[in-house]
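[1] this is a predicted model, with the sequence first.
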Amino acid sequence: MTEANTPSTVLTIGEFGLAAVQSLVDQLGLRLHHVADGEPIPGSYWGDSEAGIIGTNLYGRADTPMHSLLHEACHVLVADPARRESIHTDASDSIAEEDATCYLQLLIASRVAGFGFDRACADMDAWGYTFRLGSAKAWFEQDAEEARAFIAARPDLSVWL
């Protein structure tokens, strides 16, 4: 993807509507907590409008990027079930988990009406994710074998493949 194809803004959960986002989070077996506009987001690693996680709870405002909410949700999903409840703000320092999180968020994005794989890749690129091949889409298609293997090895995650 070239910079000319990268959106200048990323889609937010407010653009999808709270009911649609709540339905997705429920399907993932997590809990969503809506944060009022202008209030700090609990458990947000990056601050500002970025989603937060505490245990299996996701936090976001209307201006929270959809890719951010999916990313934090996927951090919880790829974590060992025994440690999910202890996650607070910083989900993991594992490169394997981070890669699996990015891969899974792109798989799940395909199931979000109005978002999808291509837009999720573009939003990740616009936000500043960095991949060796220069874009989220190129990484997913050409360099994510280890992330896919991580997900395939876990019965609770492989259903997304």
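    Happy to help now that I have it.

[2] which helices and strands does the host helix or strand of A73 pack with?
    Assigned by DSSP states H and E, A73 belongs to helix 66-78. Contacts defined by 3 or more C-beta pairs under 8 Å, 6 or more residues apart in numbering; DSSP states H and E place helix 66-78 against helix 13-16, helix 18-27, strand 52-54, strand 57-60, helix 95-109, helix 116-127, helix 155-158. (Each C-beta comes from the backbone N, C-alpha and C, glycine too.)

[3] in TSV: the ones you listed, plus mean pLDDT and mean neighbour count.
    Putting these into TSV (pLDDT from 0 to 100; neighbours: other C-beta atoms under 10 Å) gives the following:
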stretch	mean pLDDT	mean neighbour count
helix 13-16	95	20
helix 18-27	93	15
strand 52-54	98	23
strand 57-60	98	24
helix 95-109	96	21
helix 116-127	96	21
helix 155-158	94	12
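
[4] next, format these as TSV and append distance to M66.
    Below are these laid out as TSV (distance: least, C-beta to C-beta, whole Å):
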stretch	distance to M66
helix 13-16	6
helix 18-27	8
strand 52-54	15
strand 57-60	9
helix 95-109	8
helix 116-127	7
helix 155-158	20
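
[5] before we move on, back to that, could you give the separation of the helix holding A73 from the chain centroid?
    How far helix 66-78 lies from its chain's middle: 3 Å, per C-alpha atoms, centre = their mean, to the nearest Å.

[6] hey, C-alpha coordinates of it in CSV?
    Extracted C-alpha coordinates of helix 66-78, given in CSV (Å, rounded to 0.1, in the frame of the first residue of the first chain):
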residue,chain,number,x,y,z
MET,A,66,-11.8,0.4,15.7
HIS,A,67,-8.4,-1.1,14.9
SER,A,68,-7.3,-0.2,18.4
LEU,A,69,-10.3,-1.9,20.0
LEU,A,70,-9.8,-5.0,17.9
HIS,A,71,-6.1,-5.0,18.8
GLU,A,72,-6.6,-4.9,22.5
ALA,A,73,-9.4,-7.5,22.2
CYS,A,74,-7.1,-9.8,20.3
HIS,A,75,-4.3,-9.3,23.0
VAL,A,76,-6.7,-10.8,25.5
LEU,A,77,-7.7,-13.6,23.2
VAL,A,78,-4.1,-14.7,22.3
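
[7] kindly calculate the angle that that helix makes with helix 18-27.
    Angle, helix 66-78 to helix 18-27, by axes from the mean of the first three to the mean of the last three C-alpha atoms, to 10 degrees: 20 degrees.
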